[in-house]
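Visitor: Structure for this input, please:
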Amino acid sequence: MKKKILLAIILIISGAAGAQTIHLSEDFESGIPGSWTQTTLATDGGWIAGTTGILSSQFWPLNPSNTSNFVATNDDDCNCDKSMDRLITPAMDFTGQSNVFLVFDLVFDLSSYGGATETATIEYSIDGGTSWNVIHTISDLDPATQFTWVNESVDISAVAGMSNVLIAFHFNDDGGWLYGFALDNMQIYSPLDWDGGIASITTPTIATAGSTIDISGEILNQGANTITSIDLTYNAGAGDVTENISVNILPFGTESFTHTTPLNLPTVQTYTITVSVTNPNGNVDGNTANNSQTFDVAALTIVPTKMVFGEVACGTWNQFNPRGADFMDYMDVTYGTDSWAGVSVHNGDPMTNTIYDAQMAGTIAGYPSGHVDRMAQPGIDPSNFEAAYNVQITEIPPADIDVDASYNAGTGVLDITITATFAYAVSSDLRLNAIITEDHVTGTGTGWDQVNFYSGQVDPLPGFGLDWDVLPNPVPAADLEYNHVAREITGGFYGVIGSVPGSVIAGQVVTYSTSYIVPSDQNLDNIEVIGLLHDATSSRVLNAGKSNEFFVGVETVEAAFGVEVFPNPSSDFVNVRVELPEAGNLSIEVLNVLGQPVSFESFGTTSGSQYVVLDLTNYKPGVYHAVVVVDGFRVVKSFNVIK
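Guide: Reported below is the predicted structural model:
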C-alpha cells in the first residue's frame with residue numbers, strides 16, 4: 001500500500017521492469033531487512049522502522065499522509081548522539097552499467113528555531129564500510145513542506161562500473177538536539193537510454209460548460225539522456241491533437257507543459273481525455289508503459305470555489321501557543337482574503353467555548369495542534385498548515401458555500417443563513433453548520449497573560465503576528481490581542497444532522513439557518529461567521545465560506561403611539577415627537593448604523609405630545625436609528641446626519 005509521492009514514479013519504473021535494471025527496491029513494510037546494516041552512537045538504536053505514530057514526536061510531527069511502515073532516525077525524541085546514524089544497503093554490483101539512479105521518499109527539515117547543524121547525505125563505500133564518500137547532500141526542504149513527505153531523485157552514476165558497492169543514508173546531528181531523517185520507498189536502478197513519460201496532469205477536473213481548458217501537466221524523463229524535444233498529444237474523443245514541443249529535461253527530471261491548443265467543452269457532460277508523449281529527441285521510446293495518462297473532466301453549469309478551513313487548539317497557559325497564533329496569523333495574512341477560514345479554539349483560559357473545546361480536544365494529540373479541513377487526526381503542527389493548505393486548495397468541492405447574516409440592534413441577535421449551491425449530484429451524509437469568531441479580543445487578569453516559550457530565542461517563528469522572541473515570558477495581557485477566537489459553534493463539531501438531504505442533484509440549493517446572540521462584551525465589527533459543509537462519513541470539511549459584513553437593522557414592534565423624526569436629513573438638530581394616547585414609561589435611545597448606542601434618555605411616565613430635541617453637533621455623518629420605547633413597545637425611526 002505504498003501510496004505517497006512516489007506512487008506515480010514507482011508505477012512508471014515498475015512498468016518497465018523488463019527493460020530497466022532494478023538493483024534494489026525497498027518499502028520497509030516488513031521493517032529493516034536483515035541484509036541491511038547500520039552504524040549508530042545513539043542510545044535509541046539509531047534507525048528504527050515503524051509508523052507515523054511511533055516515529056514522530058512533538059517537535060518533529062511527521063505528516064500522517066504516510067500510513068504504512070517506513071524508517072527514521074529521530075533526534076528530537078532521543079536528544080542523543082546521532083552523528084553516526086548510517087542506514088546501509090546490502091552490497092550491489094554495478095559493473096556493466098553506465099548510469100545508476102537512486103529515488104526515495106524522505107522527510108528532512110533543518111531546525112526552524114535557528115542554529116541548525118544537522119546534515120543528511122547519501123554516501124557510498126567500496127571497501128565494506130571502512131571509508132565513505134559523499135555522493136549527494138540533501139538540502140533543507142521548502143518551509144511549505146516542513147514535516148511532509150517529498151520525493152528526492154539522485155544521479156549516483158559515480159558508482160557505475162563498480163562492484164561490492166554499499167549505499168548509506170547518513171544523518172548527522174553534529175551534537176545538536178534537532179529533528180530527524182525519515183526514509184521510505186527507496187529504489188536503485190539503471191534506466192533506459194530514452195524513456196519519456198507523463199508524470200502528472202494539472203488540468204482541472206471540473207470546468208464550466210461552454211468554456212475552454214488548457215491541457216497541462218508534467219513530463220518525466222526516466223531515461224539516461226537529456227530530452228530536448230518530444231511529441232505531445234491529447235485526444236478527447238474527436239481525434240489526436242499533436243504538436244512537437246521543445247523541452248530541456250535532465251535524466252529523472254520533470255518539466256511542465258501546456259498544449260498550445262485548448263480543449264473546447266461545449267456541453268454539460270463528462271469528457272474523457274488521454275494525454276501522451278512519444279518520440280523523445282526523435283528516438284523510439286524504450287518504455288511505453290508510462291507514456292500516457294487518461295482522466296475525466298466534468299463540464300458543469302457552475303464550478304464551486306474552494307475555501308480551506310483551519311483550526312488550531314490553543315490556550316494562554318500553553319508555552320508553545322505563540323507558535324499556533326503566529327502560523328494562524330500567517331495563514332490569514334497570506335490566504336485569508338478568499339481561500340482560508342481560520343479558527344483558534346481556546347482551552348483552559350477566559351476565551352474558552354466549552355462545547356467547541358471539548359469536541360476539539362478529542363481530535364488532537366496536544367497543544368498547539370490542529371486541523372486543515374479535518375484531514376488528519378490526531379492533528380498536525382501549526383507550522384504544517386501551509387503544506388496542508390497547498391494540498392487541500394486543489395480539491396474541487398461539491399458545492400459553493402455562501403454566508404449571509406443580519407444583525408438586529410434591538411435584540412442583539414445575529415441571524416445567519418448558510419447556503420450550499422451544489423455543482424453536481426451527491427449521495428452522502430453531508431451537513432452544514434456555522435462557527436462565529438472574533439478578532440482583536442482583549443482582557444485583563446492573569447488568565448489573559450500568554451506564557452511564552454519563545455522569549456529570548458533567535459528568529460523562532462515567521463513573525464506574522466508578534467515578535468515573540470523579544471517579548472517576556474509570560475506576555476502581559478495588556479500587550480496582547482487574540483485573533484480568530486472561537487465564540488460559538490452551532491450544530492455540533494460535525495454539522496447538523498439532516499441539514500443537507502441524503503441525495504442532492506446538480507444545481508440544488510440547500511440552506512441552513514441559525515442565530516447567535518452577540519454578548520455586550522463582543523464587538524460586532526470584529527465578528528466573522530464561517531459556514532462549513534461537512535462529510536460526516538469521513539469527518540472531513542469539504543468546503544467553507546465566511547463573512548464579516550452584516551446587514552444591521554433594528555426590530556420594530558407595533559405600538560399604540562406615534563413617532564415622527566424631523567427634519568430629515570439634518571446637520572445640527574433633529575426633533576423627535578411622540579404622541580401618547582395613554583400614559584406610559586418613555587425612553588429614547590439613538591443607535592448608529594452598527595447598532596451601537598450613541599445616546600440614551602429616560603423620561604419616566606408621561607402622556608400626550610412629547611418633543612425631544614437631539615443635538616447633532618458631535619454626530620458623524622451617517623445613518624442613525626431613534627429607538628422609542630413606551631412600556632416595552634418599540635418604534636424605530638431612522639434619520640440621516642449630513643455635515
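Visitor: neighbouring contacts of stretch 487-502?
Guide: Here stretch 487-502 makes contact (Cβ atoms under 8 Å, 6 or more residues apart in numbering) with 353, 355-356, 359-360, 416, 420, 427-438, 510, 512, 514, 516, 522, 527, 532-534, 536, 539. For every residue, glycine as well, the C-beta is placed using N, CA and C.
Visitor: mind listing which of the residues you listed are in strands?
Guide: Judged by DSSP state E, those include 416, 420, 427, 430-438, 510, 512, 514, 516, 527, 532-534 as members of strands.
Visitor: Only whichever of the contacts of stretch 487-502 are buried, select them in PyMOL.
Guide: In PyMOL, this line selects whichever of these come out buried by 16 or more other Cβ atoms under 10 Å:
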select buried, resi 353+356+360+416+420+430+431+432+433+434+435+436+437+438+510+512+514+516+522+527+532+533+534
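Visitor: show me where pLDDT drops low in the chain?
Guide: 1-19, 64-67, 110-116, 140-146, 459-460, 463, 553-559, 593-595 (pLDDT under 70).
Visitor: Find the centremost residue of it, please.
Guide: residue 389 (2.5 Å; Cα atoms, centre = their mean).
Visitor: Strands of the stretch 151-300 of the chain, residue ranges please.
Guide: 166-172, 180-190, 196-201, 206-208, 211-213, 216-221, 227-235, 240-249, 254-258, 263-265, 270-278, 292-300 (DSSP state E, counting those that start in this stretch).
Visitor: Can you name the residues in contact with the helix or strand just after the last one?
Guide: Translated: strand 292-300. Downstream of strand 292-300, the first helix or strand assigned by DSSP states H and E is strand 308-314. With contact meaning Cβ under 8 Å, 6+ apart, strand 308-314 is reached by 321, 324-325, 327-328, 331, 335, 339-347, 357, 360-361, 364, 367-374, 379, 382, 385, 389, 392-393, 530, 532, 541, 544.
Visitor: Please list only the buried members of these.
Guide: Buried among the contacts of strand 308-314 (16+ other Cβ under 10 Å): 321, 324-325, 327-328, 331, 335, 339-347, 357, 360, 364, 367-374, 379, 382, 385, 389, 392, 530, 532, 541, 544.
Visitor: Tell me how far the residue nearest to residue 212 when sequence neighbours are not counted lies from residue 484.
Guide: Using Cβ to Cβ, 6 or more residues apart in numbering and skipping residues adjacent in sequence, the residue nearest residue 212 is residue 262, 4.0 Å away. To residue 484, residue 262 is 40 Å away according to Cβ to Cβ, to the nearest Å.
Visitor: One more: residue 518?
Guide: Relative to residue 484, and taking Cβ to Cβ, residue 518 is found at 17 Å.
Visitor: In terms of neighbours, single out the busier of the two.
Guide: residue 484 (25 against 22; other Cβ atoms under 10 Å).
Visitor: My guess is the more buried one contacts residue 331. True?
Guide: No: contact criterion Cβ atoms under 8 Å: residue 484 and residue 331 do not qualify, at 9.4 Å.
Visitor: any residues in contact with both of the two?
Guide: Applying Cβ under 8 Å, 6+ apart, one finds that residue 484 and residue 331 are jointly contacted by residue 342.
Visitor: ranges for the helices of the stretch 251-400 of the chain?
Guide: 321-335, 354-361, 385-392 (DSSP state H, counting those that start in this stretch).
Visitor: between those, which gets nearest to residue 243?
Guide: helix 385-392 (30.4 Å; Cβ to Cβ).
Visitor: could you check the angle strand 308-314 makes with that closest one?
Guide: 150 degrees (axes from the mean of the first three to the mean of the last three Cα atoms, to 10 degrees).
Visitor: angle of helix 385-392 against helix 321-335?
Guide: Calculated by the same axes, to 10 degrees, helix 385-392 forms an angle of 40 degrees with helix 321-335.
Visitor: Could you dump the strands of the stretch 151-300 of the chain into a markdown table and include mean neighbour count and distance to residue 449?
Guide: Converted to a markdown table, the strands of the stretch 151-300 of the chain look like this (neighbours: other Cβ atoms under 10 Å; distance: least, Cβ to Cβ, whole Å):
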| stretch | mean neighbour count | distance to residue 449 |
| --- | --- | --- |
| strand 166-172 | 23 | 39 |
| strand 180-190 | 23 | 34 |
| strand 196-201 | 22 | 49 |
| strand 206-208 | 18 | 48 |
| strand 211-213 | 15 | 54 |
| strand 216-221 | 21 | 50 |
| strand 227-235 | 19 | 61 |
| strand 240-249 | 14 | 56 |
| strand 254-258 | 16 | 50 |
| strand 263-265 | 18 | 57 |
| strand 270-278 | 18 | 57 |
| strand 292-300 | 17 | 52 |
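Visitor: will you turn the ones you listed into TSV that also has distance to residue 575?
Guide: As requested, those are exported to TSV (distance: least, Cβ to Cβ, whole Å):
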stretch	distance to residue 575
strand 166-172	82
strand 180-190	76
strand 196-201	71
strand 206-208	56
strand 211-213	59
strand 216-221	68
strand 227-235	75
strand 240-249	76
strand 254-258	69
strand 263-265	64
strand 270-278	67
strand 292-300	58
